[in-house]
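A.B. asks: Take a look and give me a structure for this.
(chains A and B)
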Amino acid sequence: MVGGMAADSARGGMRSDGVGMVARATLLLLVGGGAGVALNAMRGAGGLALRGFEAPVMCDATEAQGEPPEIEPAAAAALCGRPDVVIADTRPAGRYAEGHIAGAVHLPCDAGGRVAADAFARFEGERTIIVYGQTTDEAVPVAASLRRRYHAADVRVLRGGFAGWEGAGLACASGPCDDCREHGR
Amino acid sequence: MIGRLRLLLRLGLGGLFVFAGVAKLRDPSGFATEITNYHLLPSLAPWLAVSLPTAELAIGAALLVGTRPWLRAGALAAAALLAVFTVAVAQVVARGIDVSCGCFGSESGPVTIVTVFRDVALLASAAMLLYLSPASDRAR
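C.D. replies: Below is the predicted model of the structure:
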């Protein structure tokens, strides 16, 4: 009888310990996380926008697995105009205005959240995305960002960049970039 | 022996959580982008980017300097977070998404099967710390 009461008491104590542990763990997560939200609010304009956040394009070199595959200018030209293909120009606005591949979306590597989001909206559901810079390497960070975001798409870097495209005498377009006024690049 | 192992786990896990929290605090925008790239709850990415680092700091502090009840709570919270992280990186590997880990800020490497094994090992360490830290020493 006494032994049974002692066992019940021990079980009750363990249950109480367990509940206390879960409560403290929850408190750690909530107070810790809440402190982060408060810290971000204290940063004001320098803090992260919690509503309407759009991930920007990353300009750093890719750390992800493998370099994006390349495509020859002639092969890219053959894909131009197909409805499931989008071309992205990663160069600054000035260079884009001087001349770009016909129909290319302007998406510089340092495009901010909303600009990037608008450009990315064009990529939804596309099977092939061809990215180019002035050179091959210049397009790699944007291509890496796109590969991370659209893993089902075939993202390729134009070999030789725009210089290679021009050198091959392929079709170009020129004129001001309407979207560029938003990010001034 | 058990005391030394417990101390080792406290220092290792606690130090790791503090390091991870500080590294992520440096670049919330970059961390939010990495979370978005995981293709899991992208609308929550900014909220997670600002709250996760400080939650990790709180857990790290509890593991490093907490009294026994807080050490146990820290180990449980660490295990819960690591379980979520393990599921996140495992689905990335399973779906073949090409993404940076973001585990320790912008300098983290890509998510691979090694990342999954590392998170499983850390989860096991947190569970072991919880097991080795009973509410009272008489219990074990």
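A.B. asks: Wait, a helix at residue A:20?
C.D. replies: Yes - assessed with DSSP: H, G, I helix; E, B strand; the rest coil, residue A:20 lies in a helix.
A.B. asks: What about it, how many residues nearby?
C.D. replies: The tally of other residues near residue A:20 (other CB atoms under 10 Å in any protein chain shown) stands at 14. From N, CA and C alone the C-beta is placed, and that goes for glycine too.
A.B. asks: show me what contacts the closest residue to it other than its chain neighbours?
C.D. replies: In this structure, residue A:20 finds its nearest non-sequential neighbour in residue B:69, 6.5 Å apart by CB to CB, 6 or more residues apart in numbering or on different chains. Going by CB atoms under 8 Å, 6 or more residues apart in numbering or on different chains, residue B:69 touches A:20-21, A:24, B:135.
A.B. asks: Same question for residue B:97.
C.D. replies: Residues counted as contacts of residue B:97 (CB under 8 Å, 6+ apart) are A:148, A:151, B:37-39, B:111.
A.B. asks: who wins for most neighbours among those?
C.D. replies: That'd be residue B:111 among these, by other CB under 10 Å, with 27 neighbours.
A.B. asks: and the closest residue to residue B:56 other than its chain neighbours, what element?
C.D. replies: Nearest residue to residue B:56 in three dimensions, chain neighbours excluded: residue B:21, at 3.6 Å (CB to CB, 6+ apart). In the assignment (DSSP states H and E), residue B:21 maps to helix B:2-25.
A.B. asks: Can you show me the helices along chain B?
C.D. replies: Secondary structure of chain B, counting by DSSP state H: helices at B:2-25, B:28-37, B:45-65, B:68-95, B:113-131.
A.B. asks: Nearest to residue A:40, out of those helices?
C.D. replies: helix B:45-65 (4.1 Å; CB to CB).
A.B. asks: The closest one to helix B:113-131, inter-axis angle?
C.D. replies: Here the directions of helix B:45-65 and helix B:113-131 differ by 50 degrees (axes from the mean of the first three to the mean of the last three CA atoms, to 10 degrees).
A.B. asks: Alpha carbons only: can I get helix B:45-65 in PDB?
C.D. replies: Listed next in PDB are the C-alpha coordinates belonging to helix B:45-65 (Å, rounded to 0.1, in the frame of the first residue of the first chain):
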ATOM      1  CA  ALA B  45      10.800  33.100 -44.500                       C
ATOM      2  CA  PRO B  46      11.300  36.700 -43.100                       C
ATOM      3  CA  TRP B  47       9.600  35.800 -39.800                       C
ATOM      4  CA  LEU B  48      11.900  32.700 -39.400                       C
ATOM      5  CA  ALA B  49      14.900  34.800 -40.500                       C
ATOM      6  CA  VAL B  50      14.500  37.200 -37.600                       C
ATOM      7  CA  SER B  51      13.300  34.800 -34.900                       C
ATOM      8  CA  LEU B  52      15.400  31.700 -35.500                       C
ATOM      9  CA  PRO B  53      18.800  33.300 -34.700                       C
ATOM     10  CA  THR B  54      17.700  34.700 -31.300                       C
ATOM     11  CA  ALA B  55      15.900  31.400 -30.500                       C
ATOM     12  CA  GLU B  56      19.100  29.600 -31.200                       C
ATOM     13  CA  LEU B  57      21.000  32.000 -28.900                       C
ATOM     14  CA  ALA B  58      18.500  31.500 -26.100                       C
ATOM     15  CA  ILE B  59      18.900  27.700 -26.500                       C
ATOM     16  CA  GLY B  60      22.600  27.900 -26.600                       C
ATOM     17  CA  ALA B  61      22.700  30.000 -23.500                       C
ATOM     18  CA  ALA B  62      20.400  27.500 -21.700                       C
ATOM     19  CA  LEU B  63      22.700  24.700 -22.700                       C
ATOM     20  CA  LEU B  64      25.900  26.400 -21.700                       C
ATOM     21  CA  VAL B  65      25.000  28.100 -18.400                       C
END
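A.B. asks: Give the other helices and strands that that helix contacts.
C.D. replies: Counting contacts by 3 or more CB pairs under 8 Å, 6 or more residues apart in numbering or on different chains; DSSP states H and E, helix B:45-65 packs against helix A:2-42, helix B:2-25, helix B:28-37, helix B:68-95.
A.B. asks: would you turn those into TSV with mean pLDDT and distance to residue B:44?
C.D. replies: Below are the helices and strands packed on helix B:45-65 laid out as TSV (pLDDT from 0 to 100; distance: least, CB to CB, whole Å):
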stretch	mean pLDDT	distance to residue B:44
helix A:2-42	82	12
helix B:2-25	94	15
helix B:28-37	84	8
helix B:68-95	93	12
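A.B. asks: Looking at the contacts of residue B:97, which has the smallest pLDDT value?
C.D. replies: Lowest in pLDDT among these is residue A:151, which has 68.
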